[in-house]
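Asks: Quick one, structure for this:
(3 chains)
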Amino acid sequence: MLSSAWLIPIVPLGTFVINIFFGKRLKGASAYISILAIGFGFLYSLGILFRVFGGERLDASLPWVPLAGEMRLGVGLLIDELAAVMLLVVTSVSLMVHIYSVGYMQGDIRYSRFYAYLSLFSAAMLGLVLANSYALLFVCWELVGLTSYLLIGFWFEKKEAANAGKKAFITTKLGDIGMFIGILVLLANVGSLDFKEVFHFAEAGEMSVGLITVASLLLFCGAVGKSAQFPLHVWLPDAMEGPTPVSALIHAATMVAAGVYLVARSFPLFALSPAALEVVAAIGIITAFLAASIALVQNDIKRILAYSTISQLGFMMTALGVGGYTAGVFHLFTHAFFKALLFLGAGSVIHAAHINDIRQMGGLFKRMPITGWTFLLACLSISGVPPLAGFWSKDEIFLEALRTGHTVIFVIGLLTACMTAFYMFRLFFITFSGKYRGDHPIHESPWVMTLPLALLGFMAVFAGLPGSPLMGNGFHHFVHFEEGGVEPSGMVMALSILVGLVGIFLAWLLYYRQAWDPRKLIKAAPGAYRFLLNKWYFDEVYQAGVVRPVLGLSKVLAWIDLRGVDGGVNGVAWVAVLISKIKCLFDIYIVDGLVNLSGAFFMALGQVGRKVQTGLVQNYALVLLFGVVILVLAKLFLGG
Amino acid sequence: MTPYSLAFHLISFVAVVAALFVVTVRNIFHSALCLILAFFALAGLFILLEAEFVAVAQVLIYVGAITILILFGIMLTHRLTDKGVRQASEGRFISLIVVLVLGALISIVLRATRFPVSSEEVAHPAIPYLGKLLMTQYLWPFEVVSVLLLVALVGAIVIAAKDEVIRKKAGG
Amino acid sequence: MITLYHYLTVSLLLFGIGLYGILTRRNAIGILMSIELVLNSVNLNLVAFSRFTTPQVLSGQVFALFVIAVAAGEAVIGLAIVLSIYRCRNTLDPEDINLMKW
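Replies: Residues are numbered from 1 along each chain as shown, chains lettered A, B, ... in the order given. Have a look, this model is predicted:
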């Protein structure tokens, strides 16, 4: 069964092809084809999971591209615990989103194309997690980036959407460059890109620590881009211009997790370079704190969730960085479910209220109970309230940080967790409680949308249990890197629960009980408020420091090209015209001139000659006489 | 200085001077009269050359007929309001040059040529001798000349006659 | 001694003068007169040659007679033409008779 796992990505790929070419004719049916494909994938993934539970593994490859010398690139499958878990996450969330989109995207003129893109994305993401070499991984990596661009800019008539797609693509591409160089470094040193070979090579000590650090950090660049870490995080909030199901699938649960997956998969490499791991952890925690601070003051429901995603991804990176392989993957696992749920719930709210601004919402809990309850569950989960899933994975991260002596990271992490709880419940209270401030009739969403919400809600509650001590830390024994137990610490647990509750309480005070007016707080620190509202001015800095110079350069080059090429062409044309003008002049004046000259010459000759005919007899007689004189002279002097 | 040479020089002088006057005087009448003088001088030269018959013929024909003819012509065509016979300025100069050059050339040629001068006596008497020549050796030219004179006569009448006379003659 | 050359010189002089007259006289009859002068100089030439080179043979004199006759005929025709021209053009100036001008 494992050896046919390549079917899992291939079937959605086929669906993509079908929907692209025949989508117009299939209309509504295109959705069902895609759902079937991904459903198949989900079931198959379950089967694989059980098999892997049972101890089966697979690492098989086919030769693909032969390179110089002994090197060759292979394409193949790698199925181990990590792959199995990822398969499950991707297929399940993808299936939920496919079903949900039937309702959300209903009536869209490019309905079938949407499903084609969804299928393509699923195929690429599944290929990514199944790849057994950096070569195949990179191909799928790029493909995933492409579909992200296509889906963000799905409503490309809207200028912001088109620009957001571009921004996402370019920003992640920046990270991808680093990743590509890293891959090349590996290829050059190892001679192959298969994970097995690379890790073997590195662990055998064939590569110096410095080289490993360099390669790891370069690979990490790709992760920074894809997972929206600082400083390449700027594209993710803008990507919210895409349809909400897209945000749920790609920018919450799966694609952005690809960066985390990459680091996890490359962990054998990273583990050999403590310096690289420190960098990962540092960037992770900075990202987490930064994003959470911005989320505190945003008013667009999807933007808040976007920054939340960035923050949680930061947590995952931090976990990996401090050496908590299991913690990071576990948090990825739980986060996928509750973040997808949050997004789909937000989509449901937007679908009902036709607006993204939470200030125009309120009091939706009564009118949209299913959405409201599931949303509440997700908020509790992400805030780390036990016994929900988010608590177990977050707790894991804190444990790991403290255990490895990263106290600063631990403290910042707790603070960020508090902020997380605060902004999530701020969102919840403003949106669902109080009085409705908008002017749109509100009703609950159709079952195709609420069913996935319910299913994901179930996962958000219970998905953490496999990793909890209540179930014997099964997850750890399943997914781990080297032996490394983790003893639960009561103090850590207490602290993480505390900070979560503090955040919730503060939000409850401000936004439910309205004990203090938030506006007064804003007035108290207007500068700080604006700083946070404007996302720490990252976009502005990038615009001025990067975008403008590049555009300027391209303008200069374009000017050169225009002038050079056009100038060249025009110059040639001008020269040709000049030459022809000269030739024309030559023809007119010289050639014609000669002709005219000869004519004129004879005319002049005639004009002169005719004067001889004076009509006077005496003149003729004179000429006669003159002739006689000549003759006589000739006779005299020439003899004869 | 023999009488012969004196006579020669005198008569030659008259002839040349008369000729000069012929070509230069303005009044055409005077020009004709000088012509008569020139003819007479020439006749004198003929006599000096012992060609009496020719001298007489010269006087008879030239002076007697031709100059009368010319005078008649002058009288028929003379207009009292005529301006002088001033020649064209350029023509005069060039013509003089050319004539002088030609004259010079001819004189050079003449000087260079040795003519076979014979010192025999002239045939006496000349007239019967001339008559014999005319009737024998030069008979043919003699007859032709008479025909020529006839033709000249008729032609002159035809040319000079008034138009209506010709038309009348042709029509009638 | 009066030699042949003397007569020839006179003849040449007359010839030249007559020639000059032909070329320059502005009266047609004047031209005719000059022509007569030329013919006369020729006569003189002939007679002189006859006298000095072949005094026994008088061909020169015969020739001179013929010249006189022809000259007469020519003078007649010439005057007829002159009269005719005068009737048409009312002028005898050769300069004014230039219909053949270019």
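Asks: Show the contacting residues for A:Gly438.
Replies: Going by C-beta atoms under 8 Å, 6 or more residues apart in numbering or on different chains, A:Gly438 touches A:353, A:355, A:360-362. Glycine gets a C-beta too; all of them are placed from N, C-alpha and C.
Asks: B:Ala123 too?
Replies: Contacts for B:Ala123 were tallied using C-beta under 8 Å, 6+ apart; they are B:129, C:55-58.
Asks: Whichever of those end up buried, select them in PyMOL.
Replies: The PyMOL command for the buried members of the contacts of B:Ala123 (criterion: 16 or more other C-beta atoms under 10 Å in any protein chain shown) is given here:
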select buried, (chain B and resi 129) or (chain C and resi 55+58)
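Asks: Just give me the closest of the contacts of B:Ala123 to chain A.
Replies: Of all the contacts of B:Ala123, chain A sits closest to C:Val57, with 28.6 Å by C-beta to the nearest C-beta.
Asks: which of the contacts of B:Ala123 sit farthest apart?
Replies: Taking every pair in the contacts of B:Ala123 and measuring C-beta to C-beta, the maximum separation is 11.4 Å, between B:Tyr129 and C:Pro55.
Asks: ok so, going back, a markdown table for the contacts of A:Gly438, including neighbour count, secondary structure and distance to A:Val612?
Replies: A markdown table is the format used below for the contacts of A:Gly438 (neighbours: other C-beta atoms under 10 Å in any protein chain shown; DSSP: H, G, I helix; E, B strand; the rest coil; distance: C-beta to C-beta, whole Å):
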| residue | neighbour count | secondary structure | distance to A:Val612 |
| --- | --- | --- | --- |
| A:Ala353 | 25 | helix | 116 |
| A:Ile355 | 16 | coil | 112 |
| A:Gln360 | 16 | helix | 115 |
| A:Met361 | 24 | coil | 119 |
| A:Gly362 | 18 | coil | 123 |
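Asks: which residues are there in chain B that come within reach of chain A?
Replies: B:91, B:94-95, B:98-99, B:101-102, B:105-106, B:108-109 (C-beta under 8 Å from any C-beta of the partner chain).
Asks: filter the residues you listed down to the ones near chain C?
Replies: Of the residues in the residues of chain B next to chain A, proximity to chain C by C-beta under 8 Å from any C-beta holds for B:91, B:95, B:98-99, B:102, B:106.
Asks: Okay, buried residues for the lengthiest helix in chain B please.
Replies: Taking DSSP state H as the criterion, chain B has its longest helix at helix B:89-112. Using 16+ other C-beta under 10 Å as the test for burial, helix B:89-112 gives B:91, B:94-95, B:98-99, B:102-103, B:105-107.
Asks: ditto for stretch A:110-121
Replies: A:111-121.
Asks: Quick check: end-to-end length of stretch C:82-97?
Replies: 11 Å (C-alpha to C-alpha, to the nearest Å).
Asks: How far does that stretch sit from its chain's centre?
Replies: Put simply, stretch C:82-97 sits 21 Å off its chain's centre (C-alpha atoms, centre = their mean, to the nearest Å).
Asks: And that stretch, what's buried?
Replies: By neighbour count on 16+ other C-beta under 10 Å, the buried set for stretch C:82-97 is C:82-86, C:91-95, C:97.
Asks: and A:Ile522, how many neighbours?
Replies: Neighbourhood size, A:Ile522 [other C-beta atoms under 10 Å in any protein chain shown]: 14.
Asks: Could you check what's spatially nearest to it, not counting adjacent residues?
Replies: Leaving aside its sequence neighbours, A:Ile522 sits nearest to A:Tyr529 (C-beta to C-beta, 6 or more residues apart in numbering or on different chains; 4.8 Å).
Asks: other SSEs contacting the helix or strand that neighbour falls within?
Replies: Using DSSP states H and E, A:Tyr529 sits in helix A:526-533. Helices and strands touching helix A:526-533, by 3 or more C-beta pairs under 8 Å, 6 or more residues apart in numbering or on different chains; DSSP states H and E: there are none.
Asks: so can I have JSON lines of the ones next to chain C among the residues of chain B next to chain A showing pLDDT and distance to A:Ser489?
Replies: Converted to JSON lines, those look like this (pLDDT from 0 to 100; distance: C-beta to C-beta, whole Å):
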{"residue": "B:Gly91", "pLDDT": "72", "distance to A:Ser489": "148"}
{"residue": "B:Ser95", "pLDDT": "89", "distance to A:Ser489": "151"}
{"residue": "B:Val98", "pLDDT": "92", "distance to A:Ser489": "149"}
{"residue": "B:Val99", "pLDDT": "93", "distance to A:Ser489": "154"}
{"residue": "B:Leu102", "pLDDT": "93", "distance to A:Ser489": "154"}
{"residue": "B:Ile106", "pLDDT": "92", "distance to A:Ser489": "158"}
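Asks: Tell me where the model's unsure across the stretch 101-250 of chain A.
Replies: For the stretch 101-250 of chain A, applying pLDDT under 70 flags no range at all.
Asks: just the strands in it please.
Replies: Counting by DSSP state E, counting those that start in this stretch, the stretch 101-250 of chain A forms no strands at all.
Asks: Look up how far A:Asn299 lies from the closest residue to chain B within it.
Replies: Nearest to chain B, among the residues of the stretch 101-250 of chain A, is A:Lys159, at 100.0 Å (C-beta to the nearest C-beta). According to C-beta to C-beta, to the nearest Å, A:Lys159 and A:Asn299 sit 21 Å apart.
Asks: Then A:Trp64?
Replies: Taken as C-beta to C-beta, the span from A:Trp64 to A:Asn299 is 49 Å.
Asks: B:Pro125 too?
Replies: In terms of C-beta to C-beta, B:Pro125 sits 168 Å off from A:Asn299.
Asks: Compare neighbour counts for the two and give me the winner.
Replies: For B:Pro125 versus A:Asn299, neighbours defined as other C-beta under 10 Å are more numerous around A:Asn299 (14 against 9).
Asks: Is it correct that the more buried one is in contact with A:Asp357?
Replies: Yes. Contact criterion C-beta atoms under 8 Å: A:Asn299 and A:Asp357 qualify, at 5.6 Å.
Asks: so B:Val56 is in which element?
Replies: helix B:52-57.
Asks: Let me know how buried residue 134 is, in neighbour terms.
Replies: This is for chain A. As a burial measure, A:Tyr134 scores 27 neighbours (other C-beta under 10 Å).
Asks: wait, I meant chain B there
Replies: By other C-beta under 10 Å, 15 other residues sit near B:Leu134.
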